[in-house]
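In: Only the shape, not the letters, is given here:
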């Protein structure tokens, strides 16, 4: 089966979720990648290691305009006769995949967490991570948008051939005035390690306890809803049912009681560590490791322990 | 300015999720439905603020059965002028988007607003699909929306940051946190909502491109392992050797 993957390559390197999408697609069929922007050939060729046999690159436009990318992917899908088209369900995939679904009359499975099952259904998260659903696509062509951090990239092959491609992307009707990318921040939805704080931290002036541990681990920072609502931390750090849903390898929660709405956003995490003074906090039921203690004392000790571990490994 | 706000119902955020009929259906017994928070707090309220600033109208549209009328009245109580319900059970994003797009085509709206996702199926699909049906630009995950004449300026979330963009109306915009503050309907709003028009229109019977065939609950977690707060070296050791996450 011919599988086409769109990846974004406008950044300085290719993001991990692109390697995930290619690895995933290789499990379904023969993989062609289509991309746009300025990435050089050697950078794109490494997608072959994850299973791509060919990379089509349209250098006529940069950026993330969802109408241009939709037209590019539609042209490429026709060119390679793709039966399945895969995106990472990141912010670009969420904007492009639904448009493409209408354009190609191809059913979309948004937020897939695994490969197609024996009965052809595809698993997704539903109810903000409180349950799984299995989706059947009723059209001949399929689009799958893969939830970041759902599978590990696997290196199996050699470099891919990179070809220039004209995707007839057309013009953008959206003008970008300004792009703000705060330096050093790890984007939360793609982070593998996350340190998160709640009301138990008592105020924004104490957030160094969270950021110190995060820096030591190389982790992203997050927070609970009351913290974002009080403007102690920016909105994009709010994880939970009405914030961002994440599934990192490690989620460390300090001073968060673990309301059902918060758990919905984090229960896809591989390992959860909970630090709370209240041993009755509901979060302990969802945790792998628990520390009953005061975050103000435990966090600095944990930061020290991580520092010691990093120095000796 | 003519504004259309897409409103969906969703189970209250405290709902315990379970399934029936051999795990093929969401168990709705005892479930309390609310207006999907992203549709209500951000899309609807920002639509009302724009109407208050520039004049015009705010219409809501919902794909659903008569069971949805209570949530639609809530949206009217918050301040929408009128509501339309497309009379069919919503089962798939492609169906919902096609029905709303067919309705919106007739109305010449300047803005179609909706929440960034619903909190039940979390697909984030309907906005982009409507935009493609209507051949309008789609601004996803907008945190800020201002309109000057026929030009909209928006802040949208991008990977690792925020982008400020400009586009000519008409547009489809999916709304995220930061766009507006939640409004609690007052008694006058609730009374007025009873008299506001709730128009029921028949569907075009758009095809469903996907179906949910079964559901499963996550495997229960094994019991938490408690670590002495004075022994963080042990926690680090377990995270490294047992959980293998650092």
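Out: Cool, got the structure. Being a predicted model, the structure only gives us computed values, none of them experimental.

In: How much space separates the closest residue to residue A:295 other than its chain neighbours from residue A:299?
Out: Leaving aside its sequence neighbours, residue A:295 sits nearest to residue A:254 (CB to CB, 6 or more residues apart in numbering or on different chains; 4.2 Å). For glycine as for every other residue, the C-beta is placed from the backbone atoms N, C-alpha and C. Here residue A:254 is placed at a distance of 6 Å from residue A:299 (CB to CB, to the nearest Å).

In: what do the two both touch?
Out: Shared contacts of residue A:254 and residue A:299 (CB atoms under 8 Å, 6 or more residues apart in numbering or on different chains): A:209-210, A:275.

In: just the buried members of those?
Out: Buried by 16 or more other CB atoms under 10 Å in any protein chain shown: A:209-210, A:275, out of the shared contacts of residue A:254 and residue A:299.

In: residues in the stretch 201-313 of chain A within reach of chain B, list them.
Out: Contact residues (CB under 8 Å from any CB of the partner chain) of the stretch 201-313 of chain A with chain B: A:217, A:228, A:235-236, A:238, A:241-243, A:245, A:249-250, A:260-261, A:264, A:267, A:270-271, A:273-274, A:284-294, A:297-298, A:301-302, A:304-306, A:308-309, A:313.

In: change it to 7 Å
Out: Contact residues (CB under 7 Å from any CB of the partner chain) of the stretch 201-313 of chain A with chain B: A:217, A:235-236, A:238, A:241-242, A:249-250, A:260-261, A:267, A:270-271, A:284, A:286-293, A:297-298, A:301-302, A:305-306, A:309.

In: Buried only: go through these for me.
Out: Neighbour counting with 16+ other CB under 10 Å marks A:217, A:235-236, A:238, A:241-242, A:249-250, A:260-261, A:267, A:271, A:284, A:286-293, A:298, A:301-302, A:305-306, A:309 as buried within these.

In: Just those residues: which are in strands?
Out: In strands, defined here by DSSP state E, the members of these are A:250, A:271, A:289-292.

In: and which of those residues is nearest to residue A:165?
Out: residue A:250 (39.2 Å; CB to CB).

In: That closest one against residue A:271, yeah?
Out: Yes. The criterion here is CB atoms under 7 Å, and residue A:250 meets it with residue A:271 at 5.1 Å.

In: outside of stretch B:123-140, which residues touch it?
Out: Outside of stretch B:123-140, the residues within contact range by CB atoms under 7 Å, 6 or more residues apart in numbering or on different chains are A:66-67, A:91, A:94-95, A:98-99, A:101-103, A:108, A:110-111, A:173-174, B:6, B:93-94, B:96-98, B:100-101, B:104-105, B:112, B:114, B:116-117, B:154, B:156, B:165, B:167, B:170-174.

In: Leaving out sequence neighbours, find the closest residue to residue 8.
Out: In the absence of a named chain, this looks at chain A. residue A:92 (5.3 Å).

In: hm, I was asking about chain B
Out: residue B:36 (4.5 Å).

In: which residues does the one you found contact?
Out: Residues near residue B:36 by CB under 7 Å, 6+ apart: B:8-10, B:115, B:118-119.

In: Run a quick check on residue A:241 versus residue A:264, I expect a contact.
Out: Yes. The pair formed by residue A:241 and residue A:264 meets the contact definition of CB under 7 Å, at 4.2 Å.

In: between the two, what contacts are shared?
Out: Residues touching both residue A:241 and residue A:264 by CB under 7 Å, 6+ apart: residue A:128.

In: show me the contacts for the closest residue to chain B within the stretch 201-313 of chain A.
Out: Nearest residue of the stretch 201-313 of chain A to chain B, counting by CB to the nearest CB: residue A:293, 3.1 Å away. Neighbouring residues of residue A:293 by CB under 7 Å, 6+ apart: A:275, A:277, B:229.

In: Over to residue B:17?
Out: Contacts for residue B:17 were tallied using CB under 7 Å, 6+ apart; they are A:127, A:130-131.

In: one step back: would you list the phi and psi of the residue nearest to residue B:8?
Out: Per-residue torsions, residue B:36: phi -50, psi 120 (degrees, to the nearest 10).

In: same thing with residue B:27?
Out: Here is the backbone geometry of residue B:27 (degrees, to the nearest 10): phi -80, psi 110.

In: What is the burial count for it?
Out: Neighbours of residue B:27 under the rule other CB atoms under 10 Å in any protein chain shown: 15.

In: Quick one: the helices in chain A, in order.
Out: Secondary structure of chain A (DSSP state H): helices at A:16-26, A:41-45, A:66-80, A:91-104, A:208-217, A:225-229, A:260-266, A:283-286, A:295-312.

In: any idea which of these scores lowest on pLDDT?
Out: Ranked by mean pLDDT, those bottom out at helix A:260-266, which scores a mean of 91.

In: Double-check residue B:193 against residue B:75; I have them as touching.
Out: No. Between residue B:193 and residue B:75 there is no contact under CB under 7 Å: 8.3 Å.

In: out of the two, which sits in the more crowded spot?
Out: Higher neighbour count among residue B:193 and residue B:75: residue B:75, with 24 against 20, using other CB under 10 Å.

In: Against residue B:84, how distant is that one?
Out: Look at residue B:75 and residue B:84: by CB to CB, they are 11 Å apart.
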